[in-house]
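[1] Structure for the following, please:
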Amino acid sequence: MDQFNNARSEFPKTYKPNGYVDVVRTESIYRGFLHGSAVMPYITPPVTEIDTEEDWEFLQYQVRKHPEFVRRFFP
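    Numbering: from 1, shown residues only. This next block holds a predicted model:
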């Protein structure tokens, strides 16, 4: 259990899927597989996904803190 108290920088780098890009062969889907053995990353900037009310509140906080992002995407 002590290893779980290590500094974040000591853990291996990990990635979280965000669904930006999924390229899947049709036959894989028909067989019930979404991912196979040849998975390649497409690394994107971090995103805020809205799945809960807390996610929505966090996005509102980000907009208040960085209004330049809103102006950049919604001129």
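[2] The most centrally placed residue in the chain: helix or strand, and which one exactly?
    With distances taken as CA atoms, centre = their mean, the residue of the chain nearest its centroid is residue 18 (3.6 Å). Assigned by DSSP states H and E, residue 18 falls within no helix or strand.
[3] does it really touch residue 51, like I thought?
    No. Residue 18 sits out of contact with residue 51 when judged by CB atoms under 8 Å, with a separation of 11.7 Å. C-betas here are computed from N, CA, C, even on glycine.
[4] Can you give me the neighbour number for the closest residue to residue 36 other than its chain neighbours?
    The shortest distance from residue 36 to any residue other than its chain neighbours is 5.9 Å, reached at residue 28 (CB to CB, 6 or more residues apart in numbering). Counted with other CB atoms under 10 Å, the neighbours of residue 28 add up to 12.
[5] how close does residue 28 get to residue 34?
    Going from residue 28 to residue 34 by CB to CB, to the nearest Å gives 7 Å.
[6] and the next element down the chain from the helix ranked longest in the chain?
    Criterion DSSP state H: the longest helix present in the chain is helix 53-65. Sequence-wise, the next helix or strand downstream of helix 53-65 (DSSP H and E) is helix 67-73.
[7] Who are the packing partners of that next one?
    On a contact count with 3 or more CB pairs under 8 Å, 6 or more residues apart in numbering; DSSP states H and E, helix 67-73 meets helix 53-65.
[8] Now do the helix it packs on, average pLDDT.
    Mean pLDDT, helix 53-65: 92.
[9] what comes into contact with that helix?
    Residues outside helix 53-65 that contact it (CB atoms under 8 Å, 6 or more residues apart in numbering) are 48-50, 69-70.
[10] Report the two of those residues separated the most.
    Spatially, the most separated pair among the contacts of helix 53-65 is 49 and 70, at 17.4 Å (CB to CB).
[11] Before I go, just wanted to say thanks for your time.
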